[in-house]
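Enquirer: what follows is a predicted structure for the sequence shown.
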Amino acid sequence: AKATGKGDYAWFQFAMEEKADHQRILREELTVALEKHQLSIDYQPIVCTRSGRIICCEALLRWRHPTRGLISPVEFIPIAESSGLIESIGQWVLHTACREAADWPSDIGLAVNLSPRQFTGFGLAADVTRALDQSHLAPNRLELEITESIFLTDSQENVRILNQLKQLGIRIALDDFGTGYSSLAYLSCFSFDKLKIDRSFIKGMTTSPENLAIVRAVIGLGKSFGATVTAEGVETEAELACITREGCDQVQGYLLGKPMAPEILREILIAPVRTKITSVR
Ligand code: C2E
Ligand code: MG
Ligand code: MG
Ligand code: MG
C-alpha cells in the first residue's frame, strides 16, 4: 500500500508539473497571439422573446492556435488574467467589437465581457469612451457584462467605476447570475440594467422544480429592479417555451444561434427580412 501511495504521489506531482508547464507555455504563446492575429471574435445573437428578433449580440473571444487548434476562452482567459495580458487583450476585444458592431443595423446592440482585472488602474471609462468615439458606435448600443467576482475586491472603487461607465450612456449587465458568490447584497450597491441567468439554471428548468423556482425568482427580482432579464444557454424548444412563459425578456443559446464569425452574422443581420426566433438556427 505504501508503494502505491508513493507512486500516486509521484504521479500527482508529475501531473501538476505537466499542468504548470502547459500553463506556462500557453502564457508565452498568448503573449504573441494578438500580434500574430490568432485572436478573433465570434458573435452570438440574443433574441427578444416578445418580438422574436435579434436585439443584440455578445462578443466571444476565440484563439485559433496554429498547432493546437481552437482553444476555449474558459481555458485561456484565466491565464490572461493571472499574467496581466487581459488588459491588452480586453482592450483589443472592446475596440474590435465596437468597430465590427458599428457596421450592423443601428437597432442591434453589442455585449462585451469584462474581466475584473480591467477595472484596476488603467482608466476603463476613458478607454470605453475612446472605443465608442473611434468606432462611432452609439453608447446606447453598448452593454458591458461583468460577473459577481467584481465585488470580491475593492468593491467600492469598482462600483465607482461602474457608475462612471453608466454615465457614458452604456448599459451594465450582471453575467452568470446566481453562480459565483451569490450574495444579494451587491444588487443594492449598483443598479444593473440586465441580469443574465446562468445556463446551469436554465438547464433542467423543465425537469427540476427547484431550478424552475430559482429562474422564476430571478425574473421577479430583475423585474422589481427594473432590469432586463436574459436566459443564457437555451438549447431546447421546451426550455424556450418555459422561459418565455415565465416572462423572461431575452434568450440566448444554441437553439437561437451559436456564436458565429462576424461575416456570417452580418449576412443574417442585413437580410431584408430579418430571421425570426424559430429559424435563426
Ligand atoms: P459567458 O460570458 O457566460 O458566455 C456564454 C458562454 O456560453 C459562451 O461560451 C457561449 O458560447 C456559451 N453558450 C451560449 N449558448 C450556449 C448553449 O446553448 N449551450 C452551451 N453549452 N453553451 C452555450 P464561450 O464562448 O466558450 O465563453 C466562455 C466564457 O469565456 C464566457 O462566458 C466569458 O466568461 C469568457 N469570455 C469569452 N470572451 C471573453 C472576453 O472577450 N473577455 C472576457 N473577460 N471573458 C470572455
Ligand atoms: Mg457573457
Ligand atoms: Mg454568461
Ligand atoms: Mg455563463
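Expert: Good, I have the coordinates. Ligands and ions are numbered 1, 2, ... in the order given.
Enquirer: could you pull out the buried residues of stretch 239-250?
Expert: 239, 240, 242, 243, 244, 246, 248, 249, 250 (16 or more other Cβ atoms under 10 Å). C-beta: built from backbone N, CA, C; applies to glycine.
Enquirer: element containing the third one?
Expert: Here residue 242, judged by DSSP states H and E, is contained in helix 237-245.
Enquirer: any part of the following helix or strand past that helix near ligand 2?
Expert: Next helix or strand after helix 237-245 toward the C-terminus (DSSP H and E): strand 250-251. No. Using Cβ under 5 Å from the ion, we find that strand 250-251 stays clear of ligand 2, coming within 12.7 Å at best.
Enquirer: and after strand 250-251, which helix or strand comes next?
Expert: Per DSSP H and E, the first helix or strand lying C-terminal to strand 250-251 is helix 262-270.
Enquirer: where does the protein have low pLDDT?
Expert: 1-6, 182-183, 273-281 (pLDDT under 70).
Enquirer: and it, which residues reach ligand 3?
Expert: Neighbours of ligand 3 within the chain, by Cβ under 5 Å from the ion: 175, 176, 232.
Enquirer: can you report how many residues lie near the last one?
Expert: Residue 232 sits with 22 neighbouring residues when counted by other Cβ atoms under 10 Å.
Enquirer: pretty sure it contacts residue 197?
Expert: Yes. If you go by Cβ atoms under 8 Å, residue 232 and residue 197 touch, sitting 6.2 Å apart.
Enquirer: for the most centrally placed residue in the chain, what are its contacts?
Expert: Central residue of the chain (Cα atoms, centre = their mean): residue 113, 4.4 Å from the mean position. Each residue near residue 113 by Cβ atoms under 8 Å, 6 or more residues apart in numbering is listed here: 58, 59, 60, 61, 93, 144, 145, 146, 175.
Enquirer: 10 Å - rerun?
Expert: 58-61, 73, 77, 90, 93-94, 97, 144-147, 173, 175 (Cβ atoms under 10 Å, 6 or more residues apart in numbering).
Enquirer: next: residue 252.
Expert: Shown in contact with residue 252 (Cβ under 10 Å, 6+ apart): 44-47, 55-58, 111, 196-197, 199, 202, 230-234, 259.
Enquirer: again, but for residue 22
Expert: Residues near residue 22 by Cβ under 10 Å, 6+ apart: 75, 79.
Enquirer: tell me where this structure has strands.
Expert: Secondary structure of the chain (DSSP state E): strands located at 39-48, 54-65, 69-71, 109-113, 142-146, 171-177, 194-197, 228-231, 250-251.
Enquirer: and the last one with ligand 1, contact?
Expert: No. Contact of strand 250-251 with ligand 1 (Cβ under 6 Å from any ligand atom) is absent, the minimum separation being 9.6 Å.
Enquirer: could you list the paired strands of that strand along with their orientation?
Expert: strand 39-48 (antiparallel), strand 228-231 (parallel) (DSSP bridges).
Enquirer: please apply the same query to the fourth one.
Expert: The strands that strand 109-113 pairs with in its sheet are strand 54-65 (parallel), strand 142-146 (parallel) (by DSSP bridges).
Enquirer: whichever residue of the stretch 1-150 of the chain sits closest to ligand 3: neighbouring residues, count only.
Expert: Going by Cβ to the ion, ligand 3 is nearest to residue 145 of the stretch 1-150 of the chain, at 6.8 Å. Neighbour count of residue 145, defined by other Cβ under 10 Å: 19.
Enquirer: residue 231 now?
Expert: Using other Cβ under 10 Å, residue 231 is surrounded by 30 other residues.
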